[in-house]
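> Have a look at this prediction, sequence included:
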Amino acid sequence: MSIIVENVSYTYMPGTTFAVSALDNVSLTIQDGEFVGIIGPTGSGKSTLVQHLNGLLRPTSGRVIVDGIDLSAKRVDLKKVRRHVGVIFQYPEHQLFEETVYKDIAFGPKNLGVGDDEIERRVYEAIAQVGLGKEVLGRSPFELSGGQMRRVAIAGVLAMKPTTLVLDEPAAGLDPQGRDEILSHIRDLHKQGNLTVILVSHSMEDVARLVSRVIVMDKGRVFFEGTPREVFRKKDDLKRIGLDVPQVVQLVQKLKDKGIDIRTDVLTIDEAKSEILRILGRSAQ
Ligand SMILES: Nc1ncnc2c1ncn2[C@@H]1O[C@H](COP(=O)(O)OP(=O)(O)O)[C@@H](O)[C@H]1O
Ligand SMILES: [Mg+2]
């Protein structure tokens, strides 16, 4: 199972005066089991790109191949592709519409033709996977908090048993506690479920902490890619396209500039803490 994006360009409203080139010759490969982050300034094409991964948008030119299936082929079985690649859009709670949480989570598997007993099993499993109690299943999704609604939307995709989960800004607009909860469940799903995860995020902190590879988009193109350490080392390149490095990276850089002999390739608060304690001559306990 891999996702191959090959020379994909995409234009919204082609041939009109409103035509917008959103993707310009994008190529990338995502391997089974990876946890990939996609970052880039607003309008760089991140959302357009991820909508290609389950065939929701078709490339204007180029190809997307999921698990050997060319999504632009004439008689492609998109249902099968969507069973493998679950995409959770920005503000997914806007897509909740059933009268109970149960029905909302059951909607996807039902559409795939899954039997009632199996649907029930999956609904219970999915609600637990996103850290909600089964008592919410009988409630209306619209009585829940924003963070809970979003988790229900994610559970609805998980109930389709995807092998790849694509999340477009899953933490946007949530309070810090809501963000951390959602992201820690996503991390657990990746660890335990052998799930491939593609996370679009504007939080450099979250990307630094969670992913093993980062794809940086700018103006509809892949600007560069690499491990978080490689990417966040290129502070000036990122700055040029309007992106920051994580705050903790800025902090150690400032200490370095003040003449303190500190490693500047730290990525997380924990790493910075042990590095600072090392300099102070103490152990990180
Ligand atoms: N439905 C749409 N119709 C027309 N243009 C769009 C549409 N969605 C996005 N765009 C344009 O395509 C470009 C890429 O947008 P998008 O993929 O949403 O970027 P990002 O998710 O990185 O903010 C932007 O110029 C944006 O204005
Ligand atoms: Mg977007």
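Now that the structure is in, tell me what you want to look at. Ligands and ions are numbered 1, 2, ... in the order given.
> and the residue nearest to residue 260 when sequence neighbours are not counted, what does it touch?
The spatial neighbour of residue 260 that comes closest, neighbours along the chain excluded (C-beta to C-beta, 6 or more residues apart in numbering), is residue 279 at 6.6 Å. To be clear about C-beta, it is placed using only N, CA and C from the backbone, and glycine gets the same treatment. Neighbour list for residue 279: 260-262 [criterion: C-beta atoms under 8 Å, 6 or more residues apart in numbering].
> mind listing which of those are in helices?
Using DSSP state H to define helices, no part of these is located there.
> possible to save the residues you listed as JSON lines with neighbour count and distance to residue 214?
Below are the contacts of residue 279 laid out as JSON lines (neighbours: other C-beta atoms under 10 Å; distance: C-beta to C-beta, whole Å):
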{"residue": "260", "neighbour count": "11", "distance to residue 214": "27"}
{"residue": "261", "neighbour count": "7", "distance to residue 214": "28"}
{"residue": "262", "neighbour count": "18", "distance to residue 214": "23"}
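> Tell me the one of those nearest ligand 1?
residue 262 (33.6 Å; C-beta to the nearest ligand atom).
> what's the neighbour count on the residue nearest to residue 211 when sequence neighbours are not counted?
Sequence neighbours aside, residue 37 is the residue nearest to residue 211 in space, at 3.7 Å (criterion: C-beta to C-beta, 6+ apart). Neighbour count for residue 37, taken as other C-beta atoms under 10 Å: 25.
> Could you do residue 246 as well?
22.
> Which residues of this protein lie near ligand 2?
Contact residues, the chain versus ligand 2 (C-beta under 5 Å from the ion): 46-47.
> So, low pLDDT: which residues of the chain?
Scanning the chain for pLDDT under 70 picks out 283-285.
> which bits of it sit near ligand 1?
12, 20, 22, 40, 42-48 (C-beta under 6 Å from any ligand atom).
> contacting residues for residue 186?
Residue 186 neighbours (C-beta under 8 Å, 6+ apart): 165, 167, 170, 197, 199, 210.
> any idea whether it is helix, strand or coil?
Per DSSP: H, G, I helix; E, B strand; the rest coil, the secondary structure class of residue 186 is helix.
> what's the closest residue to ligand 2 within the chain in contact with, if anything?
Per C-beta to the ion, residue 47 is where the chain lies closest to ligand 2, at 3.2 Å. Counting by C-beta under 8 Å, 6+ apart, residue 47 makes contact with 89-90, 168, 200.
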